[in-house]
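*Asks:* next one to model:
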Amino acid sequence: MAVILFGGFILLMILGVPAVFALTAATIASLFWVGLGNALYIVPQQILDGVENDTLLAIPFFILAGNLMNLTGVSDRIFAFSTALVGRFRGGLAQVNVLASLIFAGSSGSALADISGVGTIEIEAMRKRGYPLAYSGALTIVTSMLGPMIPPSIGLIVYAYLSGTSVARLFLATIVPGLLLALFLMIYVAVSARRLNFPRQEPAGLGEIVNTGFHGIGALVAPAIILGSILTGWVTASEGGVLASLYTLLLGLCYRTLTWSGIYQALRSTAFSSVFILMITGVSAVVGWLIAIEQLPQGMADLIVNVVDYKPAFILILVLFLLVIGCFIESVPAKIILVPVLLPILDHFGIDRIQFGVMLTLALSIGIATPPMGVGLFIVARIANISIERLAVAVLPMMIPLVVLLLLLSYVPALSLFLPNLLLGP
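*Replies:* From the prediction side, this is the model:
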């Protein structure tokens, strides 16, 4: 059954079938394989049960908040403030790329929203200042990974639903890894900027920093307002998504950049993105039901334990496996397929589910920059008008800080668990 389900899904994805239809077809084929072809009425029942979850309501609202930020000029204000703050250093615009993505991630929670928003601005600004186009595009892809790694992250909400873990605890668990990711990327930029002799910008005066900070203060405090409201218990994760959308609408009104056509575009884009995620989440309920009645997780756990029962070796194999999967399957479908199967194995090895959520999110995020399914490569190639091959080559050295951080998160649980255990208890 596992071969039909997973093999069929991967094969259909490679052939270009959309993820939702590939997963549905593989699941129905598996039902026939195990002799449940006369029980197809279970499919719509499980799909409806799968999307009837309050936690999932947060997803469309956080997507809407990210779209509104891009359409109301909030991204431009974040970029201007970041430029005033770190533009003076060698390779300053590359450092701005990291900092702007870090700030934007605190409101959008999405890598693709980052690329579409501040990423477009960053690539154009770096091109005008003489930065190599391949380097600018590759760095934009890599820094967009801060979106899933900084709360509120859409990917973490999906994982919380699949694993039965706390959204608030997951959000806290990614703060330190997210900041470390930004730090590692800034160190990489500093080293590469010196080696490639990137230009410096004129230092911004204190007045310019204060001015850009004042004009962008609404966008800069958005992450604190949204995350603080969720962690203090004032709002749930779903209500936090509503708060993020309403706050972004308010910013658009204050900046006088909100238009009816902009609202329509944001709602339209949100609808398409949300339908994809919720449809595939609904189908995942069928997958979860099927692998549960076939006892696939228990079988996989027994097989893996018989092959390797040394925890550090298992973690290394797990990391390599996740990196390979990320090359072929998008983040949400991959989590839906993998989480139910892997959780019993993680429990056997004593790997905390919160820690694994952070590991999984980073490992699968790296997939947006790797062929053949790297969606980040395709989007940036279109934005920058550059070949995917050149982008993929430019991204390769930037993978070093990402993989180093992934290994640290995998072998040092405290990096993920310290903050949630400190603030919410073990």
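*Asks:* three-state assignment of residue 371?
*Replies:* Classification of residue 371 using DSSP: H, G, I helix; E, B strand; the rest coil returns coil.
*Asks:* list the buried residues of the lengthiest helix in the chain.
*Replies:* If you go by DSSP state H, the chain has its longest helix at helix 260-293. Buried residues in helix 260-293, counted by 16 or more other C-beta atoms under 10 Å: 262-263, 266, 269-270, 273-274, 276-291. To be clear about C-beta, it is placed using only N, CA and C from the backbone, and glycine gets the same treatment.
*Asks:* same check on stretch 26-44?
*Replies:* For stretch 26-44, by 16+ other C-beta under 10 Å, it's 26-31, 36, 43.
*Asks:* I'd like those written out as CSV, with secondary structure, distance to residue 326 and pLDDT added.
*Replies:* Listed next are those as CSV, based on DSSP: H, G, I helix; E, B strand; the rest coil; distance: C-beta to C-beta, whole Å; pLDDT from 0 to 100:
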residue, secondary structure, distance to residue 326, pLDDT
26, helix, 19, 81
27, helix, 21, 80
28, helix, 26, 82
29, helix, 24, 83
30, helix, 23, 79
31, helix, 27, 80
36, coil, 31, 73
43, helix, 28, 78
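*Asks:* distance to residue 332 added to those, as CSV?
*Replies:* As requested, the buried residues of stretch 26-44 are exported to CSV (distance: C-beta to C-beta, whole Å):
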residue, distance to residue 332
26, 16
27, 16
28, 20
29, 21
30, 20
31, 22
36, 25
43, 19
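*Asks:* closest to residue 397 out of those residues?
*Replies:* In terms of C-beta to C-beta, no member of these lies closer to residue 397 than residue 26, at 36.0 Å.
*Asks:* distance check, that closest one against residue 227.
*Replies:* 37 Å (C-beta to C-beta, to the nearest Å).
*Asks:* what residues are up against residue 241?
*Replies:* By C-beta atoms under 8 Å, 6 or more residues apart in numbering, the contact set of residue 241 is 57-62, 64-65, 152.
*Asks:* reformat those as TSV; add distance to residue 223.
*Replies:* Shown next, in TSV, are the contacts of residue 241 (distance: C-beta to C-beta, whole Å):
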residue	distance to residue 223
57	20
58	15
59	18
60	19
61	15
62	12
64	16
65	11
152	8
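*Asks:* in helices, which of those appear?
*Replies:* Per DSSP H, the contacts of residue 241 map to helices at 58-62, 64-65.
*Asks:* most neighbours out of these, which is it?
*Replies:* The most neighbours of any of the ones in helices among the contacts of residue 241, using other C-beta atoms under 10 Å, belong to residue 65, which has 31 neighbours.
*Asks:* quick one: that one from residue 357, how far?
*Replies:* Counting by C-beta to C-beta, the gap from residue 65 to residue 357 is 22 Å.
*Asks:* from the buried residues of stretch 26-44, which single one is nearest residue 94?
*Replies:* For the buried residues of stretch 26-44, the nearest to residue 94 is residue 26 (41.7 Å; C-beta to C-beta).
*Asks:* wait, that closest one sits on residue 5?
*Replies:* Yes - the criterion here is C-beta atoms under 8 Å, and residue 26 meets it with residue 5 at 5.3 Å.
*Asks:* so residue 309 is in which element?
*Replies:* With secondary structure defined by DSSP states H and E, residue 309 is part of neither a helix nor a strand.
*Asks:* so how far is residue 217 from it?
*Replies:* Distance from residue 309 to residue 217, by C-beta to C-beta: 54 Å.
*Asks:* then residue 193?
*Replies:* 29 Å.
*Asks:* more neighbours: the two, which one.
*Replies:* More neighbours surround residue 193 than the other of residue 193 and residue 217, with 21 against 12 (other C-beta under 10 Å).
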